[in-house]
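Student: The following comprises the amino acid sequence and a computationally predicted model.
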Amino acid sequence: MKKIFFFILSISLFILIFSQEKPILTFLGEDTPDSIVKNFTIDASDIPNDGGGGIELKWDSPEILKDWFISIIRIDEDGKRVLLTTDIPILSKQVRDVNSEEEPDRVIDSKGYNYWGILSKKFITEELLQILLDTFDFKEGLYSFNDDTFFVLSKTQMVYSKASWFNFLRLAVLISLIIISLTFLYYLNLAKKGKDLYIRKINGLDAVEEAVGRSTEMGKPIMYILGIGYVTDIPTIAGLTILGRVAKKVAEYETKILVPSYDPVVMTTAQEVVKEAFTEAGRPDLYNKNDIMYITQDQFGYAAGVDGMMMREKPGAIFLQGLFFAESLILAETGHSIGAIQISGTTETAQLPFFVAACDYTLIGEEMMAASVYLQKEPMMLGSIAAEDFLKVIIMSILVLGFLLSFLGSGLKIEFFKNLFDILYQALQV
Amino acid sequence: MALSSNFWIWIAAILTLAIYSFLYKDNPFYKFAEYLLVGISIGYGISVYWHNTIITKVFNPLVYDKNFLVLIPLLLGLLMFSRFFKNVAYLSRIPIAFVVGAGTGLSVPSSFEFLFKQVYATMPTKLDIGIIIIVIGVISTLIYFFFSLEHKGFVGRVSRVGITFIMVAFGAAFGYTIMARVSLFIGRIQFLLSDWLGIIK
Amino acid sequence: MLKGKGIPVFITFIVGTIMIFSFFIPHKPFGDLEKISLNWYSIIAGFTMLLGVDSLIGMHYRKITRRTGNWGYSIVLIAGFTGTVVIGIIETIRLGTAFNEASYFTYIYNYFIVPLQSTMFSLLAFFIASAAYRAFRARNFDATLLLITAIIVMLGRVPLGEQISPNLPKFTEWIMQVPQMAAKRGIGLGISLGALGVSIRILLGIERSYLS
């Protein structure tokens, strides 16, 4: 008897303790104040022009709710709940449900989603959040939780995210792509027909022959550094095309070219390029695969290795052509210290000043991209350079036009020109 | 603070000094540090590749996700090994062609975007002396890059203005970087004086 | 037929064109192509890395066996390489991953690679000074202009500049925002046009020196 009594006592104590610990979530009724309900709805819509991984939520922010917070829970058509956001100010008016590919709970193309908004005056607690995400039976209305009240409101329409087949934001780019392609084709065709195309002198490229020749006279090798880019980088590809022309000269002078590489794919490609150049020059026997070697895929490890190689091999001419970052000056200064003729070129504007200061000749940006054409001077290649120049004229015309319209519109306050300027300005925005 | 008793700090400090010895001239200490850095970094690189590429990008997708698409780059990667055999070495051109194609293809639209952004940013939305200088600078710099006209006469003079703008820009970038580079050096000196020698706190 | 350049040039053209069009098509599979191709590149590069290691280690191995050049240091290089790989393997077996904080592999990174890298990087403090000195001696208009701008901008960014003249930081800001910006845009426009030129020459097979 005593035992039973004791048992019942402990059970009831147990219940009492836990019932007190357990937070109380109470439904206070559907009748939420009109002032709030009428003023608040969430509008969900697919984000256009994307791959189908995004939904945008928008809401108005009435004055009465300016101090309130909103938390949003997404429920998909299978009933799975995901927390989108907690406690953002109502004033922010919108939120985007977009996630990276790695996120397993991201919005997926053509699946249906509902969103529920939870309005509260205070931040909602972890505990409440768990309940909302696990067991809560979603229904519009007023609730209280541990004496704090909150509203569950505004279930959105079922919304589907759609992947687009065309990104209309990039229409201007597509149109100009077509125009530019046609320009290139026109000039290539012109070159094919045998029209004489001119290319101006590029400082530094006339020195290639001299650099290779002098190096040969001194019995020193040539060093060609492609920087730390990959084969997917255009400057690296441009560097490889210049390498082809330089290597041909090297083979003609029967000397040696060293190409220390940062990326193994670049190394392999460089081997192909040099081998081809030597074969073209009629000296495939001089080609040595081991002269185009891998150093390491570590920026400063590469710099250390190439510096060491410069000190020991003492090349008479050094070419730095490709993508360079902070290591540019380490290489160029060491090259200068051993007295080599240095011809550099890169598209990295941040590194160009150092090349200009430390090298004999520097190919600046586009000059470097055009260098292989300059060294080869094939009609078709010259055609592509002429096309680039034509596009420069177009760009300059747009700038001048913009300036004139702005002068007439904003300066002389002529409305018509101001509107024209705005149209032009809008068209350029991508 | 006193001289460090940490074995690893000593290694780091000695290697730091070995690299600095290069400023005097090429010497055995620098050579040691240089070869060590190249050796270790490639060993590290191979390990990272094994972990990030072979395991994460090939093995896991293939075995767990049954994503057989990775067989394509796997095959392309293996084709690279054809270079070890003279009679099939030409097969390595296929992965190179693929990679170069992807690289150039991706660069075309991004070049366009860049082009648009630059022109957009240069549009004179308001009129002041700065914007006039910018428009002149951009146009004269572009003229400098003009290849199909000889740079003499009017074109020559404008491109001269362009190269002046370019030199000012290079000088500005140069000056902007100096202090950042000096602070790198200060960082290393701090490591030597405080972590290693314990002279300063 | 495979031996010629025809097939590789065709592959380059097709892959490149698909990549260009994928820029305008967000829908699967085009929308993901950029990511996929970068992923594939790293896989191909991963395999090619073995060619690189073969090239590097082979060269130093030959130096050691033939006792040529700095062959003693080649031993250091090969030891460094082998040691790192072996420790990586041992630590992977011991700790599950070599990239654990307690692993000796991480120690190698923190106490060998990091100090060596950052010291190499910091050499720039000296090299930038010697490059500036050279520009100072060059005595031609461009070099002088470069150097003067460099000095103004450098002073404008340190407290000393403010003491010389409160206008110096403002002037520096103006140089960065106006003439610097103008030239940077001009160079940038040239680069993107040049990149388009290179891309088109490659895609159309006009430039094919990268394929022997």
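Tutor: Sure thing, it's come through. Numbers count the residues shown, from 1 in each chain, chains lettered A, B, ... in the order given.
Student: ok, A:Tyr253 - contacts?
Tutor: A:Tyr253 is in contact with A:Val212, A:Gly213, A:Thr216, counting by C-beta atoms under 8 Å, 6 or more residues apart in numbering or on different chains. Heads up, the C-betas are built off the backbone N, CA and C, glycines and all.
Student: which one of the residues you listed is nearest A:Met369?
Tutor: A:Val212 (21.5 Å; C-beta to C-beta).
Student: Find the nearest non-adjacent residue to the closest one, please.
Tutor: Closest residue in space to A:Val212, ignoring its immediate chain neighbours: A:Lys249 at 4.7 Å, by C-beta to C-beta, 6 or more residues apart in numbering or on different chains.
Student: what number of residues lie near residue 170?
Tutor: Chain wasn't specified; assuming chain A. 20 (other C-beta atoms under 10 Å in any protein chain shown).
Student: try chain B instead
Tutor: 30.
Student: tell me which residues in the helix or strand A:Leu182 falls within are buried?
Tutor: In this structure, A:Leu182 is located in helix A:171-192 according to DSSP states H and E. Within helix A:171-192, the residues scored as buried using 16 or more other C-beta atoms under 10 Å in any protein chain shown are A:Ala172, A:Val173, A:Leu174, A:Ser176, A:Leu177, A:Ile180, A:Thr183, A:Phe184, A:Tyr187, A:Leu188, A:Leu190, A:Ala191.
Student: which of the residues in the following helix or strand past that helix are buried?
Tutor: Next along the chain after helix A:171-192, taking DSSP H and E as the criterion, comes helix A:207-217. Residues of helix A:207-217 classed as buried under the neighbour-count rule (16+ other C-beta under 10 Å) are A:Ala207, A:Val208, A:Ala211, A:Val212, A:Gly213, A:Arg214, A:Ser215, A:Thr216.
Student: coming back round to it: give the other helices and strands that the helix holding A:Leu182 contacts.
Tutor: Helices and strands touching helix A:171-192, as assessed by 3 or more C-beta pairs under 8 Å, 6 or more residues apart in numbering or on different chains; DSSP states H and E, comprise helix A:379-406, helix B:93-122, helix C:179-203.
Student: Take those and lay them out in JSON lines including distance to C:Pro26, mean neighbour count and mean pLDDT.
Tutor: Output for the helices and strands packed on helix A:171-192, formatted as JSON lines (distance: least, C-beta to C-beta, whole Å; neighbours: other C-beta atoms under 10 Å in any protein chain shown; pLDDT from 0 to 100):
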{"stretch": "helix A:379-406", "distance to C:Pro26": "27", "mean neighbour count": "20", "mean pLDDT": "93"}
{"stretch": "helix B:93-122", "distance to C:Pro26": "13", "mean neighbour count": "23", "mean pLDDT": "91"}
{"stretch": "helix C:179-203", "distance to C:Pro26": "22", "mean neighbour count": "26", "mean pLDDT": "95"}
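Student: Out of those, which gets nearest to A:Lys162?
Tutor: Across these, closest to A:Lys162 is helix B:93-122 (C-beta to C-beta), at 22.5 Å.
Student: Now the following helix or strand past that closest one: buried residues?
Tutor: On the C-terminal side of helix B:93-122, the closest following helix or strand by DSSP H and E is helix B:129-144. For helix B:129-144, burial by neighbour count (16+ other C-beta under 10 Å) applies to B:130-131, B:133-144.
Student: From A:Ala172, how far out is A:Ala427?
Tutor: 6 Å (C-beta to C-beta, to the nearest Å).
Student: Would you map out the domains in the chain?
Tutor: Reading this off chain A. A:23-160, A:169-196+A:380-428, A:207-376 (automatic domain parsing).
Student: ah, no, chain C please
Tutor: Using automatic domain parsing, chain C is parsed into the domains C:7-56, C:70-122, C:125-190.
Student: Tell me, please, where in the chain the pLDDT is lower than the cut-off.
Tutor: I went with chain A, as the question did not name one. A:1-3, A:5-7, A:9-24, A:29-39, A:147, A:149, A:151-156 (pLDDT under 70).
Student: Chain B is the one I meant
Tutor: Residues of chain B that meet the cut-off, pLDDT under 70, sit at B:1.
Student: sorry, back to before: pick the one among the contacts of A:Tyr253 closest to chain C.
Tutor: Checking those against chain C by C-beta to the nearest C-beta gives A:Val212 as the nearest, at 17.3 Å.
Student: from memory the closest one sits against A:Ala247, does it?
Tutor: No. Counting by C-beta atoms under 8 Å, A:Ala247 is not a contact partner of A:Val212; they are 9.7 Å apart.
Student: quick one on the thing from earlier: now do the strand or helix carrying the residue nearest to A:Val212 against helix A:379-406, angle only.
Tutor: Using DSSP H and E, the element containing A:Lys249 is helix A:234-252. Helix A:234-252 runs at 140 degrees relative to helix A:379-406, counting by axes from the mean of the first three to the mean of the last three C-alpha atoms, to 10 degrees.
Student: what's A:Phe69 sitting at in phi/psi?
Tutor: phi -120, psi 160 (degrees, to the nearest 10).
Student: All the helices of chain A, residue numbers only.
Tutor: Per DSSP state H, chain A carries helices over the ranges A:2-21, A:34-37, A:126-134, A:171-192, A:207-217, A:234-252, A:264-280, A:299-313, A:327-337, A:352-358, A:366-376, A:379-406, A:415-428.
Student: And for chain C?
Tutor: Under DSSP H, chain C gives helices at C:6-22, C:33-66, C:71-95, C:104-108, C:114-122, C:124-138, C:141-156, C:159-164, C:167-177, C:179-203.
Student: Find the centremost residue of chain A, please.
Tutor: The centroid of chain A falls nearest to A:Asp233 when counting by C-alpha atoms, centre = their mean (13.2 Å).
Student: can you pull the contacts of the residue lying closest to that residue once chain neighbours are set aside?
Tutor: Nearest residue to A:Asp233, sequence neighbours excluded (C-beta to C-beta, 6+ apart): A:Leu323, at 5.2 Å. By C-beta under 8 Å, 6+ apart, the contact list for A:Leu323 reads A:Gly227, A:Ile228, A:Gly229, A:Asp233, A:Pro235, A:Thr236, A:Gly239, A:Thr346, A:Thr347, A:Glu348.
Student: So the fourth one is in contact with B:Gly103, correct?
Tutor: This points to A:Asp233. Yes. With contact defined as C-beta under 8 Å, A:Asp233 and B:Gly103 form a contacting pair (6.6 Å).
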